[in-house]
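1. Sequence and predicted structure below; questions after.
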Amino acid sequence: MVNNPVWLEVALNGGAGLAYQPNIPITPEAIIAEGVACARAGAAIIHLHVYDDHGKPFENADRYSQVIEGIRQQCDAIIYPTLGLNVALDERLEPIKVLAKRGLLEWGVVDPGSVNISHTSQVAANANGFLYANADSDIRALLELAVRDDWRPAYAIYEPGFARLGKAMANAVDGLKSPIYRVMFSDGLLFGMKPSAAAVRFYAQHLADLEADSAWMVSGLDADIEAIMPLAIELGAHVRVGLEDAPFGCQQSNVELVEQATETILKSARPLATADDIRKFS
């Protein structure tokens, strides 16, 4: 693993909003500025959401184009958007189709499975969490679109079975670029596993059993993954940080989270990847 550069991704904002993460960038200008600063601090991959003029998340190809082009004009990074939730498939696909046509899509979100996302506080209050549903037909449509429009699927692995399903479905689509398996940990949300050494070792073996040369990444939602980063890097993983993933109410900025992760990577036996290093992955 020594010669395998570590990919560092930053997730700048997310759909939870300012109530959960008061430091996220919302306006196009703020998203562009933080994206550029994070890229200069070491992040070669940038994931982002966009918002309307009232600060509400929405899926709008023109707004995505504005921020992606704004970041690209100042630095080299792989930049990719989120995917719409709880809407018809055509509506989910339309923004990424437009971005691909404009030459602005290198990666895309494909989450191979469905999961209940409930916080410990919601369970304690007998309140409902969120059902994140992805039908097999929707996953298949996204993978076929990835082949057609030549972008790489970025899988979020909320539960171990997501990786199994994602691998099987990827194998059934000719010409697909190898997916990225991004393992999701959480401290406060009750899916998958908490970030721990045992969990990292489990996923390292689980993913190696599925595909020996798979690219996998540690990340999370309402999760502090700082303590597991050195082991994950040692075991061949890549890393995602940022305010979308950080513990709710995080007081650090995206740039500070990237700088911290960069320092951890540079202390390891593996170098920090550039965007071009990542593009060479087959």
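-> On my side now, so go ahead. Everything quoted here is computed from the prediction, not taken from an experiment. Numbering: from 1, shown residues only.
2. Give me the distance from stretch 247-260 to the chain's centre.
-> 16 Å (C-alpha atoms, centre = their mean, to the nearest Å).
3. What ranges does the stretch 151-282 of the chain have for its helices?
-> 160-171, 197-210, 229-234, 254-266, 275-279 (DSSP state H, counting those that start in this stretch).
4. right, and those helices - which one's nearest Thr120?
-> helix 197-210 (17.3 Å; C-beta to C-beta). All C-beta spots, glycine's among them, are computed from the backbone N, C-alpha and C.
5. Show me what the closest one packs onto, helices and strands only.
-> Helices and strands touching helix 197-210, by 3 or more C-beta pairs under 8 Å, 6 or more residues apart in numbering; DSSP states H and E, are helix 160-171, strand 180-185, strand 215-220, helix 229-234.
6. May I see the helices of the stretch 151-282 of the chain arranged in TSV, with mean neighbour count as well?
-> TSV is the format used below for those (neighbours: other C-beta atoms under 10 Å):
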stretch	mean neighbour count
helix 160-171	18
helix 197-210	16
helix 229-234	19
helix 254-266	19
helix 275-279	16
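7. So in that sheet, which strands flank the helix or strand encompassing Val10, and in what orientation?
-> Take DSSP states H and E as the rule and Val10 turns out to sit in strand 8-11. Strand pairing for strand 8-11, determined by DSSP bridges: strand 45-48 (parallel), strand 238-241 (parallel).
8. Distance to Met193, mean neighbour count and mean pLDDT added to those, as CSV?
-> CSV is the format used below for these (distance: least, C-beta to C-beta, whole Å; neighbours: other C-beta atoms under 10 Å; pLDDT from 0 to 100):
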stretch, distance to Met193, mean neighbour count, mean pLDDT
strand 45-48, 21, 26, 98
strand 238-241, 16, 27, 98
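9. Quick one, which of those gets closest to Asp213.
-> strand 238-241 (13.2 Å).
10. The strands paired with strand 8-11: which one's closest to Arg182?
-> Nearest to Arg182, of the strands paired with strand 8-11 and by C-beta to C-beta, is strand 238-241 at 6.3 Å.
11. hang on, the earlier thing: could you redo the strands paired with strand 8-11 as CSV and give each row distance to Val36?
-> Converted to CSV, these look like this (distance: least, C-beta to C-beta, whole Å):
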stretch, distance to Val36
strand 45-48, 9
strand 238-241, 17
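12. for Gly70, what are its contacts?
-> 28, 31-32, 35 (C-beta atoms under 8 Å, 6 or more residues apart in numbering).
13. Could I get the helices and strands packed on helix 197-210 in TSV, plus columns for distance to Ser196?
-> Formatted as TSV, the helices and strands packed on helix 197-210 follow (distance: least, C-beta to C-beta, whole Å):
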stretch	distance to Ser196
helix 160-171	15
strand 180-185	8
strand 215-220	11
helix 229-234	10
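14. out of the ones you listed, nearest to Glu91?
-> helix 160-171 (21.7 Å).
15. Please tell me how far the closest one is from the chain's geometric centre.
-> On C-alpha atoms, centre = their mean, the centre of helix 160-171 falls 17 Å from the chain's centre.
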